[in-house]
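Student: Structure, please.
(one chain, ligands or ions: 1)
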Amino acid sequence: MRRKLAAGNWKMNGLSTDMGEVAALPTSLGVEVLICPPATLIDRMVRDPNTFVQVGGQDCHPNPNGAHTGDISAQMIADAGASHVILGHSERRQDHGETDALVRSKIDAAWSMSLVAVLCIGETEAQYQAGETLDVLRTQLAGSLPDGAAPGNLVIAYEPVWAIGTGLVPAMAEIEAVHGFIRTELATRFGTDTADGIRLLYGGSVKPGNADEIFAVPDVDGALVGGASLKAADFGAIITALDAAG
Ligand code: 13P
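Tutor: Modelled structure (predicted):
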């Protein structure tokens, strides 16, 4: 039985004055809620007595420490009290040239600190138009997932790059086919029991207005939400929709 997960990726947004948005989220529902704020807010969010969410980082360096100005290690994220870290987000892949091999080494680093890795995969618009989606996802999974994936250390987010921040969302049948494909790929490599336990999130323009239909799709165990996770009114509605999806 996979517990539903509503995850918010604040990206490069969020100041101390935004903490009230977390405190205002619904708390007594049967779904897990994770927020990945900028690194500057991790400690504050972990310690805030008014928040009940799990807290994650948005990236980590493969090394535990060293001369890497501006980077943050998995050790530091864990030390700040976070339990998760997003890795392989398309904005990291695009803005920082991250490869599957680098993402894989970051997941190893996250696991060495007992952080749950939230691995993001997804095709670009050109790849989607060319019908290459499943090939791209197969390559990303094979290249970025280390051995040892388990329900307790991994969440996978399918985020079509063309759906991020655009208001565009694939057809529900496409999301269903892709999530089914990811689970089958996981089963081939890690076995059916492991594959059946790993949560698969959909990400890309999830809003209160489309959450119900997305959460009704088989093999969608929750969402990784960007823009709509910044305001409690929107993210709260998404959390409530996920809870209602059962
Ligand atoms: P949006 O929800 O803003 O489209 O962002 C999705 C995303 O990239 C989450 O990681």
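Student: residues from the chain in reach of the ligand?
Tutor: Within the chain, the positions adjacent to the ligand are 9, 89, 159, 164-165, 203-206, 224-228 by CB under 6 Å from any ligand atom. (C-beta placed from N, C-alpha, C; glycine too.)
Student: In strands only, show me the residues you listed.
Tutor: Here DSSP state E is the test, and those give Asn9, Gly203, Leu224, Val225 as lying in strands.
Student: Who are the packing partners of the helix or strand Leu141 falls within?
Tutor: Take DSSP states H and E as the rule and Leu141 turns out to sit in helix 133-144. On a contact count with 3 or more CB pairs under 8 Å, 6 or more residues apart in numbering; DSSP states H and E, helix 133-144 meets helix 100-112, strand 116-121, helix 172-190.
Student: deepest of the ones you listed, which one?
Tutor: Neighbour counts averaged per stretch over the helices and strands packed on helix 133-144 are highest for strand 116-121, at a mean of 26; criterion: mean count of other CB atoms under 10 Å.
Student: Partner strands of it, with direction?
Tutor: Note on strand 116-121: by DSSP bridges, its sheet partners are strand 84-87 (parallel), strand 154-158 (parallel).
Student: Mind putting those into TSV with distance to Leu119 and mean pLDDT?
Tutor: Converted to TSV, the strands paired with strand 116-121 look like this (distance: least, CB to CB, whole Å; pLDDT from 0 to 100):
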stretch	distance to Leu119	mean pLDDT
strand 84-87	6	98
strand 154-158	5	98
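Student: In CSV: those strands, plus distance to Ala126 and mean neighbour count.
Tutor: As requested, the strands paired with strand 116-121 are exported to CSV (distance: least, CB to CB, whole Å; neighbours: other CB atoms under 10 Å):
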stretch, distance to Ala126, mean neighbour count
strand 84-87, 23, 26
strand 154-158, 17, 26
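Student: Could you point out which of these sits nearest Ile42?
Tutor: Closest approach to Ile42 among the strands paired with strand 116-121 (CB to CB): strand 84-87, 10.1 Å.
Student: which is the next helix or strand following that closest one?
Tutor: Per DSSP H and E, the first helix or strand lying C-terminal to strand 84-87 is helix 90-95.
Student: Which positions in that following helix come out as buried?
Tutor: Using 16 or more other CB atoms under 10 Å as the test for burial, helix 90-95 gives Ser90, Glu91, Arg92, Arg93.
Student: circling back to that earlier point, show me which pair in the residues of the chain next to the ligand is furthest apart.
Tutor: His89 and Ala228 (16.3 Å).
Student: Just want to know which of those two has more residues nearby.
Tutor: Ranked by neighbour count (other CB atoms under 10 Å), His89 and Ala228 place His89 first, with 29 against 20.
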